[in-house]
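Trainee: Turn this into a model:
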Amino acid sequence: MLRATSRSSQDHPSGVTPLPAFGSLEVSFADRQPVSRCRAADPRPPYEFVNPSRFVIPPPDAVSPSPSRILLADADAFYVAVARLTDPEGAGRTPLLIVGGAADGRGVVTSASYEAREYGVRSAMPTAQALRLCPGATVVPVPRDVCSRKSREIRRVLGNFTPVVEPASIDEFYLDLTGTEQLYKGEDLTTTAARIRQTVIEETDLSVSIGGGTSKLVAKLAAKRAKPRPGREGSGVFIVPPGEEQAFLEQLDLADIPMIGPRFQEHLARYGLRRVKDALQHDVETLVAWFGERSGQWLYRRIRGRDTGHVEGRPRAKSLSHEETFAVDLTTDNDLERELLRLTSSVARDLRAKSLRARTITVKIRDADFTTRQASHTLPDAVCADRPIYETAARLLHKLRKARRTGARLLGIAGSHLAREGDSTRQLALFDEEPVAALETRRDQTIAHAMDEINVKYGRKGIVRAAEVRSKNERESPQ
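Mentor: Residues are numbered from 1 along each chain as shown. Below is the predicted model of the structure:
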């Protein structure tokens, strides 16, 4: 448990002082040596954690157990809100707003205003379908750069309340406030969450809904309950107190539980299980008999709010990807291979910029009829140079095109199973020598780094491969 101690034990013999009483405080675990400081320039929380990575965790027997205090801050209609901030005179004035795609109906909906959702518009829906449902809507592209900047602003604000903040996505952030009760003078979690929410609104002009509980699962479900809805007012905060997880979950459908998708829902329905309270009537042995060892055990824990996942303050990226939606469907292999090469260069450049390498390459293609297909291949060793990534991706694209040859409206490539530069991902060889058929040669690495240096100096298009450029005859020929 964190404990705030004053510099003068004479004034406070108990060693515990309310934080606002001093401008500079030391944070220590029990009677250990202080390891970090909290500054309270403003007598009101939040307090700034200075160099939180230096916190030292004491042995388990030195800490009195207390329930976890987990929050999820979820930005409200994030893409819509950012689009309105970006264009207050246009997108900011229309209630029926669709973000993603184009006014001519191409593309896919990324988000929609609450008013547009009343017409049935949903994310991942083709924009053409969304416009048929809501013909009076205004369509604007996703302001990606501004979205990234506003996401960083939200995280920065949250970091003033706790050093442990985990981005779950661009607009969702988990916070771990476990052990901070005395830091916040015994303030209940609902009050802390309300102050966090108000601070985010004041400093970013964006609204967030905050859910909380003793696990990430409960916090996520609580955040959904806290979300504003047309005709329903609320504080934007919903906290499930410790010990009330099961009572909270009993009110939900099984479909509300993350990772219970349509197929699993069908399987559950065969046994008459549609609501969480239906499943709670059965013991773990019955669930295992019905759904198998892994799924049965998982469901038994899940419907009771048990989640062993921890909030990770510095999670490593799981994948890096780039994709492109085309204004006109691409039909020829040459055009698709050219776009694939361009996307490969972007992914490879990002890997090298982050000192990462990827073992698994995935190619995604969305056909003209919105059918999305993908293929993946895992290499024996991780790579970051353009050539081995492109050669793998080109084989995957050929496989997808062979299975179904039609116009493509989207193409994407991703690298996953990431490793840090210098980490070994291949079994050690008996002798210290380069494999005969190395996936990535020193020549590949030299060329890649030389191109990176040129593009850093002259911009991202300072140098490109000739294959990325269409010839004059290709530009003039019809698709």
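
Trainee: If you drop the residues flanking it in sequence, what lies closest to Ile119?
Mentor: One thing to correct before we go on: residue 119 is Tyr, not Ile. In this structure, Tyr119 finds its nearest non-sequential neighbour in Cys134, 3.9 Å apart by CB to CB, 6 or more residues apart in numbering. Heads up, the C-betas are built off the backbone N, CA and C, glycines and all.

Trainee: What's the local residue count around that neighbour?
Mentor: Look at Cys134: counted by other CB atoms under 10 Å, it has 22 neighbours.

Trainee: And Lys227, by the same measure?
Mentor: Using other CB under 10 Å: Lys227 sits among 17 other residues.

Trainee: show me what contacts it?
Mentor: Residues near Lys227 by CB atoms under 8 Å, 6 or more residues apart in numbering: Asp74, Asp76, Ser209.

Trainee: Would you confirm that the residue nearest to Tyr119 contacts Leu96?
Mentor: Yes - at 5.8 Å, Cys134 and Leu96 qualify as touching, with contact defined as CB atoms under 8 Å.

Trainee: So for the two, which residues contact both of them?
Mentor: Common neighbours of Cys134 and Leu96 (CB under 8 Å, 6+ apart) are Ala116, Tyr119.

Trainee: quick one: which of the contacts of Lys227 sit in strands?
Mentor: Those of the contacts of Lys227 mapping onto strands are Asp74, Ser209, per DSSP state E.

Trainee: Just name the closest of the contacts of Lys227 to Asp171, please.
Mentor: Asp74 (6.7 Å; CB to CB).

Trainee: So Thr344 is in contact with Thr392, correct?
Mentor: No - contact criterion CB under 8 Å: Thr344 and Thr392 do not qualify, at 9.2 Å.

Trainee: related to what we said a few turns ago, adding neighbour count, write the contacts of Lys227 out as JSON lines.
Mentor: Formatted as JSON lines, those follow (neighbours: other CB atoms under 10 Å):
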{"residue": "Asp74", "neighbour count": "22"}
{"residue": "Asp76", "neighbour count": "17"}
{"residue": "Ser209", "neighbour count": "23"}
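
Trainee: Least confident of the contacts of Lys227?
Mentor: Among these, Asp76 carries the lowest pLDDT, at 92.

Trainee: Quick one: residues contacting it.
Mentor: Asp76 neighbours (CB under 8 Å, 6+ apart): Leu206, Ser207, Val208, Ser209, Lys227, Pro228, Gly236.

Trainee: How confident is the prediction for Arg263, by pLDDT?
Mentor: Taking Arg263 on its own, its pLDDT is 87.

Trainee: In three-state terms, label it for me.
Mentor: helix (DSSP: H, G, I helix; E, B strand; the rest coil).

Trainee: Show me which pair in the contacts of Asp76 is furthest apart.
Mentor: Farthest pair in these, by CB to CB: Leu206 and Lys227, 14.1 Å.

Trainee: residue ranges with poor pLDDT in the protein?
Mentor: 1-65, 230-234, 315-316, 421-438, 455-479 (pLDDT under 70).

Trainee: need the longest helix for it.
Mentor: helix 333-353 (DSSP state H).

Trainee: for that helix, packing partners?
Mentor: strand 319-330, strand 356-367, helix 386-403, strand 408-420, helix 442-458 (3 or more CB pairs under 8 Å, 6 or more residues apart in numbering; DSSP states H and E).

Trainee: what inclination does it have with respect to helix 442-458?
Mentor: For helix 333-353 against helix 442-458, the angle by axes from the mean of the first three to the mean of the last three CA atoms, to 10 degrees is 80 degrees.
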